[in-house]
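[1] whatever this is, show me its structure:
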Amino acid sequence: MAVTVHHVCSHLSSFHPVRTRLPTRPNSRKFNANSVRCDGTIETQRVTVKNGNDSLEICRVLNGMWQTSGGWGRIDRDDAVEAMLRYADAGLSTFDMADHYCFHWEMAELLNCSFSQFTFNPIEIETKRGTQVQKLSSRPIQCVLTEDNRTVVVKNGKDSLDICRVVNGMWQTSGGWGRIVRDDAVDAMLRYADAGFTTFDMADIYGPAEDLYGIFINRVRRERPPEFLEKVKGLTKWVPPPVKMTSNYVRESINVSRKRMDVAALDMLQFHWWDYSNPGYLDALKHLTDLKEEGKIKTVALTNFDTERLQIILENEIPVVSNQVQHSIVDMRYGTVMGGLLSEKFLDTNIAIPFSAPPLNTPSLQKYKRMVDAWGGWGLFQTLLLTLKTVATKHGVSIPTVAVKYILDQPAVAGSMVGVRLGLSEHINDCNAVFSLVLDEDDVNSIQEVTKKGKDLLRVIGDCGDEYRRA
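    Residues are numbered from 1 along each chain as shown. Predicted coordinates for the structure are as follows:
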């Protein structure tokens, strides 16, 4: 007798009852007959799993929620909750999930795509929202380039942080890009850091990302000199559900990330909020500011906040140093190389013909294909790729290198994030080439000649993050 967890298109897991043998051990032995028990019969729908005084009654067929973590299609929040109610009403009332099954509005796909970047609204930069133009506060957020042009200081008042301008994005560790082997991933992180790419971006919802950073930073402490450790920065995101933001709730949530990353203070905490109709984001940010004053967070930042809410936050004197948004040649709000679409392998391809193009088999590729469709379609995108290839060939670099450099040259962009598939593939050489590449006026004009033919997605979709939220 076994209780199975039913996952669509996955293996079945089971709870093993009394006297289950462990055949993989050299000396197979039986469990204590008085320990783990499950009381139920094949004919019953429910079962009680117990050990001594501890017991829980569950349905014998469990609803597995791994499929909400990305890779099985877009999850609509309200539709998903309605479906859960239907399962429960039908008697299937036990749900199986995990802290890393990112189930809030398709979080794994929607939040901080693998290739996004930090954009900063510096003094008096104007930002459009629809047909309106807003001017942000003339005081707070600044980004200051260093002499070597590889690093930048993001700051607001007395709060500042020195980061690499090409950031290692760790969304790819959350599943959907291939199996991550812990030791191989940490070895890869060390190689990136040794090559000068010492800033890592992660989130509480990116599967094991924070845990990997914790292992990595301990190896840095043991195996690298103290001055190297000072250069390494771990930027994480906190993506809470829109519940009441009490001081204790915020503190406990941040303590989880501090423990996972094994640091006394988070270098940067980037805050995301799903529902603007709930003003609790201001309470959360005030509590985060308190934690900063206590030394548990070094800098407070935002991710995917729109212009209107950014203005409100600054008016409330929350000292945010950055707002990480999505931004690219196709969509000036979106990811730098669009999950890999802006690369040679998609040049001269027709995705309408089966097997004539590389598969769109990762959450980031699928996401950015939708943006291409909204921008101008695959035909115009091919024209853009051909133009980028011409520029890349002229300078002896790759298309992704040109795409990243073009974005880094935009006003108010402090750094650009490039997703890392740790232990699976590397692009250290392409990233290094970004810092030596200089795009001339002809290069920029040729790119803009194509992009101006596409639609302005700020007008089509809305401000940053609008497509993720409901008014």
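[2] surely residue 269 touches residue 239?
    No: contact criterion C-beta atoms under 8 Å: residue 269 and residue 239 do not qualify, at 11.2 Å. Glycine gets a C-beta too; all of them are placed from N, C-alpha and C.
[3] those two - which one has more neighbours?
    residue 269 (25 against 22; other C-beta atoms under 10 Å).
[4] SS state for that one?
    When classified by DSSP: H, G, I helix; E, B strand; the rest coil, residue 269 comes out as strand.
[5] so where's the stretch 201-350 of the chain shaky on pLDDT?
    327-348, 350 (pLDDT under 70).
[6] how about a cut-off of 80?
    326-350 (pLDDT under 80).
[7] break down it into its helices, ranges please.
    Using DSSP state H, counting those that start in this stretch, the helices of the stretch 201-350 of the chain run over residues 209-223, 226-231, 247-261, 280-293, 307-315.
[8] same deal with the stretch 351-471 of the chain?
    Under the criterion DSSP H, counting those that start in this stretch, the stretch 351-471 of the chain carries helices at the ranges 363-375, 377-395, 399-408, 428-436, 441-451, 457-460.
[9] by contact count, what packs against the third one?
    Meaning helix 399-408. Under the contact definition 3 or more C-beta pairs under 8 Å, 6 or more residues apart in numbering; DSSP states H and E, helix 399-408 sits against helix 377-395, strand 413-419, helix 428-436, helix 441-451.
[10] most tightly packed of the ones you listed?
    Comparing the helices and strands packed on helix 399-408 by mean neighbour count (mean count of other C-beta atoms under 10 Å), strand 413-419 ranks first with a mean of 25.
[11] that one vs helix 399-408, what angle?
    150 degrees (axes from the mean of the first three to the mean of the last three C-alpha atoms, to 10 degrees).
[12] so what strands line up beside strand 413-419?
    Sheet pairing of strand 413-419 (DSSP bridges) gives strand 117-119 (antiparallel), strand 166-169 (parallel).
[13] lowest-confidence stretch among these?
    Mean pLDDT values for those show the minimum at strand 117-119, a mean of 42.
[14] nearest to residue 262, of the helices of the stretch 351-471 of the chain?
    Minimum separation from residue 262 across the helices of the stretch 351-471 of the chain (C-beta to C-beta) falls at helix 428-436, 24.8 Å.
[15] across the sheet, point out what pairs with residue 301.
    Bridge pairing for residue 301 - DSSP bridges - gives residue 270.
[16] what's near enough to touch it?
    Contacts for residue 301 (C-beta atoms under 8 Å, 6 or more residues apart in numbering) come out as 154, 235, 268, 269, 270, 271, 320, 321, 322, 323, 324.
[17] how big is the angle separating the host helix or strand of the first one from helix 307-315?
    Residue 154 is located in strand 151-156, with elements delineated by DSSP states H and E. For the pair strand 151-156 and helix 307-315, the angle between their directions (the same axes, to 10 degrees) equals 70 degrees.
[18] direction included, what does strand 151-156 pair up with?
    Its sheet considered, strand 151-156 pairs with strand 141-145 (antiparallel), strand 159-164 (antiparallel) by DSSP bridges.
[19] restricting to C-alpha, output that strand in CSV.
    Coordinates of each C-alpha in strand 151-156 appear next as CSV, following Å, rounded to 0.1, in the frame of the first residue of the first chain:
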residue,chain,number,x,y,z
THR,A,151,31.9,48.7,-12.1
VAL,A,152,29.4,51.3,-11.0
VAL,A,153,28.3,52.8,-7.7
VAL,A,154,24.6,52.9,-7.2
LYS,A,155,23.6,55.3,-4.4
ASN,A,156,20.9,57.3,-2.7
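[20] how about that strand: buried residues?
    In terms of neighbour count (16 or more other C-beta atoms under 10 Å), strand 151-156 has its buried residues at 151, 152, 154, 155, 156.
[21] can you name every helix or strand that the helix or strand hosting residue 185 contacts?
    Assigned by DSSP H and E, residue 185 belongs to helix 182-194. In terms of contacts (3+ C-beta pairs under 8 Å, 6+ apart), helix 182-194 is packed against helix 209-223.
[22] from residue 309, how far out is residue 277?
    11 Å (C-beta to C-beta, to the nearest Å).
[23] the two: which has the busier surroundings?
    Neighbour comparison, residue 277 and residue 309: the larger count goes to residue 309, with 20 against 9 (by other C-beta under 10 Å).
[24] leaving out sequence neighbours, find the closest residue to that one.
    Nearest residue to residue 309 in three dimensions, chain neighbours excluded: residue 276, at 6.2 Å (C-beta to C-beta, 6 or more residues apart in numbering).
[25] count of residues packed around that neighbour?
    Residue 276 has 18 neighbours, counted by other C-beta under 10 Å.
[26] pick out the shakiest of the strands paired with strand 151-156, pLDDT-wise.
    strand 141-145 (a mean of 57).
[27] how about residue 267, phi and psi?
    phi -60, psi -40 (degrees, to the nearest 10).
[28] which residues are in contact with the residue nearest to it when sequence neighbours are not counted?
    Nearest residue to residue 267, sequence neighbours excluded (C-beta to C-beta, 6+ apart): residue 233, at 4.6 Å. Residues in contact with residue 233 (C-beta under 8 Å, 6+ apart) are 161, 162, 163, 164, 198, 199, 200, 267, 268.
[29] mind redoing it with 7 Å?
    Applying C-beta atoms under 7 Å, 6 or more residues apart in numbering to residue 233 gives the contacts 161, 163, 198, 199, 267.
[30] most neighbours, which of the residues you listed?
    Counting neighbours by other C-beta under 10 Å, the top entry in the contacts of residue 233 is residue 199, with 28 neighbours.
[31] how near is it to residue 216?
    Residue 199 sits at a distance of 12 Å from residue 216 (criterion: C-beta to C-beta).
[32] one more: residue 246?
    Between residue 246 and residue 216 the computed distance is 32 Å (C-beta to C-beta).
[33] so between those two, which is more surrounded?
    Taking neighbours as other C-beta under 10 Å, residue 246 and residue 216 compare with residue 216 leading, 24 against 13.
[34] about what we covered before: beta-bridge partners for the residue nearest to residue 267, please?
    So, taking DSSP bridges as the rule, residue 233 has residue 199 as bridge partners.
[35] against residue 434, how distant is it?
    Taking C-beta to C-beta, one finds residue 233 at 18 Å from residue 434.
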